[in-house]
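Trainee: return atomic coordinates for the entry below.
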Amino acid sequence: MKRRTFLKSLGVIATGVAMGGLAGCGFHLRGQGEPLGFDRLTLTAPIGELTDSVRRELANADVMLVDDAPLRVNLGPENIQEYTLTAGDTGTQEIELRLTAPFSVQRTRDGAYLLDQQRIEVVTTYLANDDDLLVLGDLREQALEDLRREAARQLLSRLRSLDTP
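Mentor: This is a model prediction of the structure:
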């Protein structure tokens with residue numbers, strides 16, 4: 001019994017050392033933190049929270065939003081769909097939120113589409129309890145904020161794949 005406990009402890013220590021080594025060596029997921037290949041962009045988008053999230057992610061990637069950039073991202077309005085996944089009307093409900101938004105990318109000099117009309121789609125779920133009705137709105141808003149942030153990251157990931165002019 002003592003040997004089994006020792007081996008488990010050894011495994012936990014080895015995992016911790018490996019994780020610490022990865023964190024210290026600059027390890028990051030592919031596509032995260034890589035440069036976009038351009039430093040200026042024109043964004044055509046409706047006023048809204050998704051647009052705000054995209055602007056923040058672009059700023060974090062050191063991309064300036066200007067009117068005369070070589071590329072233009074056309075971002076459409078977000079569409080939020082909400083589904084209840086749990087059967088029944090009482091107790092804890094699992095709710096799925098799905099955010100979709102159309103977008104395209106054009107070269108501004110000739111209007112050519114580098115990415116024709118595409119869609120960003122992100123999904124999350126959260127648990128809503130009938131006993132905590134005051135918290136329900138906060139849970140939904142936090143889930144929507146997370147969806148918008150993830151949608152913005154997904155858009156930037158697709159922009160990284162472009163051959164820029």
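Trainee: element containing Ser53?
Mentor: With secondary structure defined by DSSP states H and E, Ser53 is part of helix 49-60.
Trainee: could you point out which element follows that helix?
Mentor: Helices and strands here follow DSSP H and E; after helix 49-60, the next one along the chain is strand 64-65.
Trainee: right, and the helix or strand after that following strand?
Mentor: Taking DSSP H and E, what comes next after strand 64-65 is strand 71-75.
Trainee: can you show me the CA trace of that following strand as CSV?
Mentor: Below are the C-alpha coordinates for strand 71-75, written out as CSV (Å, rounded to 0.1, in the frame of the first residue of the first chain):
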residue,chain,number,x,y,z
LEU,A,71,-7.7,45.0,-45.3
ARG,A,72,-11.3,45.5,-44.2
VAL,A,73,-13.2,43.1,-42.0
ASN,A,74,-17.0,43.3,-42.5
LEU,A,75,-18.6,42.0,-39.3
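Trainee: now the angle from it to helix 49-60?
Mentor: 150 degrees (axes from the mean of the first three to the mean of the last three C-alpha atoms, to 10 degrees).
Trainee: strand 71-75 packs against which elements?
Mentor: Applying 3 or more C-beta pairs under 8 Å, 6 or more residues apart in numbering; DSSP states H and E, one finds that strand 71-75 makes contact with strand 40-44, helix 49-60, strand 92-107, helix 133-160. (Each C-beta comes from the backbone N, C-alpha and C, glycine too.)
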